[in-house]
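Trainee: Just to be clear, the model below is a prediction. Sequence and coordinates:
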There are 2 protein chains.
Amino acid sequence: QTMSLGLYDVVQFALLGAGFALFAYFVYAWNSKDEVSVRYRPSALAGLCLAGVAALAYALLYQDWDSGFSLQGEVYVPNEEARTSEATRYIDWSVTVPLLTVELLAVCSVAGAAARALRFRTMAAAFLMIVTGYLGSQVLSEGRDRTALVVWGLISTVFFVYLYVALIGAVRRSLPTMGAEAGASLRNAATVLLASFGVYPLVYAVPVFADVTPAWFTSMQVAYSAADVVAKVGFGVLVHKVAKLRTAEDV
Amino acid sequence: QTMSLGLYDVVQFALLGAGFALFAYFVYAWNSKDEVSVRYRPSALAGLCLAGVAALAYALLYQDWDSGFSLQGEVYVPNEEARTSEATRYIDWSVTVPLLTVELLAVCSVAGAAARALRFRTMAAAFLMIVTGYLGSQVLSEGRDRTALVVWGLISTVFFVYLYVALIGAVRRSLPTMGAEAGASLRNAATVLLASFGVYPLVYAVPVFADVTPAWFTSMQVAYSAADVVAKVGFGVLVHKVAKLRTAEDV
Ligand SMILES: CC1=C(/C=C/C(C)=C/C=C/C(C)=C/C=O)C(C)(C)CCC1
Ligand SMILES: CC1=C(/C=C/C(C)=C/C=C/C(C)=C/C=O)C(C)(C)CCC1
């Protein structure tokens, strides 16, 4: 698929802009982790690690985008490098979404063996949600098979629903154990995370309903990039606030 | 050997996903090493160093994979870059497996001259295990000679058996010297490490018994990548827990 100059530039903005935002957050997380006590440090470390992975993934996405098209006359024509961009996103998520659930759970008040079991289950569900989505959108007939898209999308959605239920439950149970201010931030953090989660299946479903024109493709890249920044940076900053407030409460 | 798009993408997922996971663990190890006292710091440092090497090795593996094939019509056709992937793995292991034994022994309770001698022997055995395996699978007739595969595989297995015996012995002797919780985690860590060790000779033996089709090749890459993540990240997180618990006990 060829891209007009304007659309090409919009995608470039989305990829490089999200990459820069994630890199800035990586530097922030690295330098602010000591603001929270050891009790909430695992949350800060999860945020730091996932920021590093996401920044790297966007470096690759940008690199593939940059070298994946050549300018011929007034349009960008893709070469084979352009093929991998979707895959890179899923691979990024397979590591970062499990870490996002760790980041959230580590500022909740679930402790001991129950916490370990819950953390294990949400990490596994997040990983399986992404892998099954990858099978549908990439591995089987390169996402051009509508049936595969729908079937694997539905399997993925089962894990998605479990994640929602498990995370909302953990947040609900934790709210009474913390001060009002920390509680409000925790509620916001969970809302931001789960709302941004909703963007991904919508974008995934686009090829089921529409023919992916360059304009659609561009919108999908912008949506994914914006959702990644909200789910990682916006969410991360809110979680950091919860951890800081709870650190102060615990003293 | 040509690869279909689907299988190519699965290998890409395994390589880049393992690379991201190892990179995340590298960032984690870097930022959490001060959570353990100086007594167990060598373990944390061994984990950090091997994570760095492994993340780099996967960057190379991914890079070779990405540039090692070109898309021709609907299949990926390998070029000469594709040859090195197996070698990169063995070279990675020749450094990281000796460090894994250091990481484990440094949270055990063997001290003084006995510890130094044991550490030296396990590092040497791990190194020789990998080098002899490399000779069989890569250097001699490029792993296509079944006799060489079997003979060097068996020599390698001698070191493998020594490693099992030495590491299990050290863990056994250390368990009574620590609290129950730390002991349980140490047992888990050793189990995870030694169980994941078992994957490698199985994958090594595939060409002895089967013709390496693209599907086999893909399974081997996925198995190696998953085992690497389990043996380095899963094991490392458990060892870190042992070191943290023992740090608290020692106070
Ligand atoms: C339900 C569902 C999906 C959900 C994906 C999600 C929820 C991804 C979240 C990614 C995040 C939060 C990345 C962070 O930056 C898929 C895999 C698209 C496949 C279709 C069904
Ligand atoms: C016994 C045996 C082998 C064992 C290899 C092992 C045990 C490798 C472990 C690697 C690890 C743990 C990497 C960490 O990420 C070889 C060399 C395949 C050759 C065949 C015989």
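Mentor: Perfect, thanks for sending it. Ligands and ions are numbered 1, 2, ... in the order given.
Trainee: give me every residue that touches A:A231.
Mentor: A:100, A:192-193, A:196-197 (CB atoms under 8 Å, 6 or more residues apart in numbering or on different chains). Bear in mind the C-beta positions are built from the backbone N, C-alpha and C, glycine included.
Trainee: Report pLDDT for it.
Mentor: A:A231 carries a pLDDT score of 97 in this model.
Trainee: And it, how far from A:T96?
Mentor: 9 Å (CB to CB, to the nearest Å).
Trainee: now swap in A:L193 and tell me
Mentor: On the measure of CB to CB, A:L193 and A:T96 end up 12 Å apart.
Trainee: My guess is A:F159 contacts A:M123. True?
Mentor: No. If you go by CB atoms under 8 Å, A:F159 and A:M123 don't touch, sitting 11.2 Å apart.
Trainee: Tell me the pLDDT of the residue in chain A positioned nearest to ligand 2.
Mentor: Taking CB to the nearest ligand atom, ligand 2 has its nearest neighbour within chain A at A:V95, 16.7 Å off. Model confidence at A:V95, given as pLDDT, is 97.
Trainee: same question, A:L22
Mentor: At A:L22, pLDDT is 98.
Trainee: The helix or strand containing it and chain B in contact?
Mentor: Using DSSP states H and E, A:L22 maps to helix A:5-32. Yes. Judged by CB under 8 Å from any CB of the partner chain, helix A:5-32 and chain B are in contact via A:W30.
Trainee: Buried ones in whichever helix or strand comes after that helix, by neighbour count?
Mentor: Going down the chain from helix A:5-32, the next helix or strand is helix A:41-67, by DSSP H and E. By neighbour count on 16 or more other CB atoms under 10 Å in any protein chain shown, the buried set for helix A:41-67 is A:41-62, A:64-65.
Trainee: just checking, what packs against helix A:41-67?
Mentor: When contacts are defined as 3 or more CB pairs under 8 Å, 6 or more residues apart in numbering or on different chains; DSSP states H and E, helix A:41-67 packs onto helix A:5-32, helix A:85-105, helix A:235-250, helix B:5-32.
Trainee: Those residues of the stretch 151-251 of chain A touching ligand 1, which are they?
Mentor: By the rule CB under 6 Å from any ligand atom, the part of the stretch 151-251 of chain A lying against ligand 1 is A:153, A:156-157, A:160, A:196-197, A:200-201, A:204, A:228, A:231-232.
Trainee: where's the residue of chain A found nearest ligand 1, which helix or strand?
Mentor: In chain A, the residue found nearest to ligand 1 is A:G133; the distance is 2.5 Å by CB to the nearest ligand atom. Using DSSP H and E, A:G133 maps to helix A:112-134.
Trainee: tilt between the helix or strand that comes right after that helix and helix A:235-250?
Mentor: Proceeding N to C from helix A:112-134, the next assigned helix or strand is helix A:146-174, under DSSP H and E. Relative orientation of helix A:146-174 versus helix A:235-250 (axes from the mean of the first three to the mean of the last three CA atoms, to 10 degrees): 20 degrees.
Trainee: sorry, back to before: kindly give a single PyMOL line that selects the buried subset of the residues of the stretch 151-251 of chain A next to ligand 1.
Mentor: The buried subset of those, as determined by 16+ other CB under 10 Å, is captured in PyMOL by this line:
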select buried, chain A and resi 153+156+160+196+197+200+204+228+231+232
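Trainee: mind putting the residues of the stretch 151-251 of chain A next to ligand 1 in CSV, distance to B:V171 included?
Mentor: Formatted as CSV, these follow (distance: CB to CB, whole Å):
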residue, distance to B:V171
A:G153, 45
A:S156, 40
A:T157, 43
A:F160, 40
A:S196, 44
A:F197, 41
A:Y200, 43
A:P201, 45
A:Y204, 46
A:D228, 42
A:A231, 40
A:K232, 39
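Trainee: Nearest to A:A106 among the residues of the stretch 151-251 of chain A next to ligand 1?
Mentor: Nearest to A:A106 among those: A:K232, at 15.5 Å, using CB to CB.
Trainee: Against A:L5, how distant is the closest residue to that closest one other than its chain neighbours?
Mentor: Leaving aside its sequence neighbours, A:K232 sits nearest to A:A54 (CB to CB, 6 or more residues apart in numbering or on different chains; 5.7 Å). A:A54 sits 28 Å away from A:L5, taking CB to CB as the criterion.
Trainee: How about the contacts made by the residue lying farthest from the centre of chain A?
Mentor: Residue farthest from the centre of chain A, counting by CA atoms, centre = their mean, is A:G73 at 36.2 Å. By CB under 8 Å, 6+ apart, no residues touch A:G73.
Trainee: Now it, what are its backbone angles?
Mentor: Main-chain torsions, A:G73, degrees, to the nearest 10: phi 70, psi -120.
Trainee: Thanks again, I'm all set now.
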